[in-house]
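Undergrad: pasting the structure only:
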C-alpha cells in the first residue's frame, strides 16, 4: 500500500513488540476473561493482554507491517510476517537474536543486526 501511493521502503527494517494490556478481571457481564488475551511475563512483571508486533522502515520510520498475537507468543514467531523481503538489514532487540536462518529465508539479501543476548555467568 505504501509503495502504491508513491512511498518507497528503503533497505532496512526495525522490528519490535509491545504488550497491549487488557483487564484481567472477571467482573464483567459474562463473568469471564477475554479468551483471546493471555498472560505473559516480562522480567519480574506479569501482564495480561495481547502483543502488537510492528516493523518500520529504518530510514523513514514508516510502519509497513503489524501483527497482533496473544501476549504469551514469543516475539520471534511473527517475524516472517513483519519482513517485506527486500531488506538489506534487519534490526531488533535480543528477542530476535539467533533468527539468522529465518531472516535469510524471508529476506535473502538482509544482514542480521539484531542485538545478541547477554549471557551472565551464574
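TA: Thanks, I have the structure now. Note that the structure is predicted; figures quoted are calculated from it, not measured. Numbering: from 1, shown residues only.

Undergrad: List the buried residues of stretch 81-100.
TA: 82, 83, 87, 89, 90, 91, 92, 95, 96, 99 (16 or more other CB atoms under 10 Å). C-betas here are computed from N, CA, C, even on glycine.

Undergrad: Can I get the residues you listed in TSV including secondary structure, pLDDT and distance to residue 22?
TA: Putting these into TSV (DSSP: H, G, I helix; E, B strand; the rest coil; pLDDT from 0 to 100; distance: CB to CB, whole Å) gives the following:
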residue	secondary structure	pLDDT	distance to residue 22
82	helix	93	22
83	coil	92	28
87	coil	91	32
89	strand	92	34
90	strand	93	30
91	strand	92	29
92	strand	91	25
95	helix	83	21
96	helix	85	25
99	coil	87	28
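
Undergrad: Just the closest of those residues to residue 110, please.
TA: residue 87 (4.1 Å; CB to CB).

Undergrad: these two touch, right, that closest one and residue 110?
TA: Yes: at 4.1 Å, residue 87 counts as touching residue 110 under the criterion of CB atoms under 8 Å.

Undergrad: Quick check: neighbours shared by those two?
TA: Residues touching both residue 87 and residue 110 (CB atoms under 8 Å, 6 or more residues apart in numbering): residue 13.

Undergrad: so where does the residue nearest to the spatial centre of the chain fall, helix or strand?
TA: When CA atoms, centre = their mean is applied to the chain, the residue found nearest the centroid is residue 53 (3.2 Å). Using DSSP states H and E, residue 53 sits in strand 45-57.

Undergrad: looking just at contacts, which helices and strands does that strand meet?
TA: Helices and strands touching strand 45-57, by 3 or more CB pairs under 8 Å, 6 or more residues apart in numbering; DSSP states H and E, are strand 12-21, strand 38-42, strand 63-70, helix 79-82.

Undergrad: Check the offset of it from the chain's centre.
TA: Computed by CA atoms, centre = their mean, to the nearest Å, the separation of strand 45-57 from the middle of its chain amounts to 7 Å.

Undergrad: Check stretch 53-66 too.
TA: Chain-centre distance of stretch 53-66: 11 Å, with CA atoms, centre = their mean.
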